[in-house]
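Visitor: Task: produce atomic coordinates for the following.
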Amino acid sequence: MQQLEIFSIDSPCKGICQVNSRGYCRGCYRSREERFHWNQLSDAQKRHVNMLCQQRYKRFLARQQEQGQQPPSMEQGELDL
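Guide: So this is what the prediction gives:
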């Protein structure tokens, strides 16, 4: 008997589909390869990408604080890692 997949890993896409000079999305913080191959990734790989995106966002926030800038709005602003 095949087990049903109850918990799918949603895409971290925020609908802000713009990239910075380093190729990271300004909305979800995925790289080009991570965005283009999302549907081919296993659930474990998707979880790993989500973790990387969270780390990138935290680094972005830390840089904003170091520079004395306001935290970005829900759109998350520009990512320059």
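Visitor: so how far is Ser8 from the closest residue to Arg32 other than its chain neighbours?
Guide: Nearest residue to Arg32, sequence neighbours excluded (C-beta to C-beta, 6 or more residues apart in numbering): Gly23, at 5.0 Å. Glycine gets a C-beta too; all of them are placed from N, C-alpha and C. Using C-beta to C-beta, to the nearest Å, one gets 26 Å for the distance from Gly23 to Ser8.
Visitor: okay, these two: which has more neighbours?
Guide: Neighbours per residue, other C-beta atoms under 10 Å: of Gly23 and Ser8, the larger number sits with Gly23, 14 against 8.
Visitor: Quick check, pLDDT for the more buried one.
Guide: Gly23 carries a pLDDT value of 87.
Visitor: can you check Pro71 too?
Guide: pLDDT, Pro71: 63.
Visitor: now do Met1
Guide: At Met1, pLDDT is 57.
Visitor: how about the helices in the protein?
Guide: Secondary structure of the chain, counting by DSSP state H: helices at 32-36, 43-66.
Visitor: buried stuff in the shortest one?
Guide: Think helix 32-36. Glu34, Arg35 (16 or more other C-beta atoms under 10 Å).
Visitor: Likewise for stretch 20-29?
Guide: Going by 16+ other C-beta under 10 Å, stretch 20-29 has these buried residues: Tyr24, Cys25, Arg26, Gly27, Cys28, Tyr29.
Visitor: I'd say the first one and Arg56 touch.
Guide: Yes - counting by C-beta atoms under 8 Å, Tyr24 does reach Arg56; the two are 6.6 Å apart.
Visitor: mind checking how far the spatially closest residue to Asp43 that is not a sequence neighbour is from Ser21?
Guide: Of all residues not flanking Asp43 in the chain, Ile9 sits nearest, at 5.1 Å (C-beta to C-beta, 6+ apart). From Ile9 across to Ser21, the span is 28 Å (C-beta to C-beta).
Visitor: Return the distance of the nearest residue to Ser8 once chain neighbours are set aside relative to Gln55.
Guide: Closest residue in space to Ser8, ignoring its immediate chain neighbours: Asp43 at 7.7 Å, by C-beta to C-beta, 6+ apart. Counting by C-beta to C-beta, the gap between Asp43 and Gln55 amounts to 19 Å.
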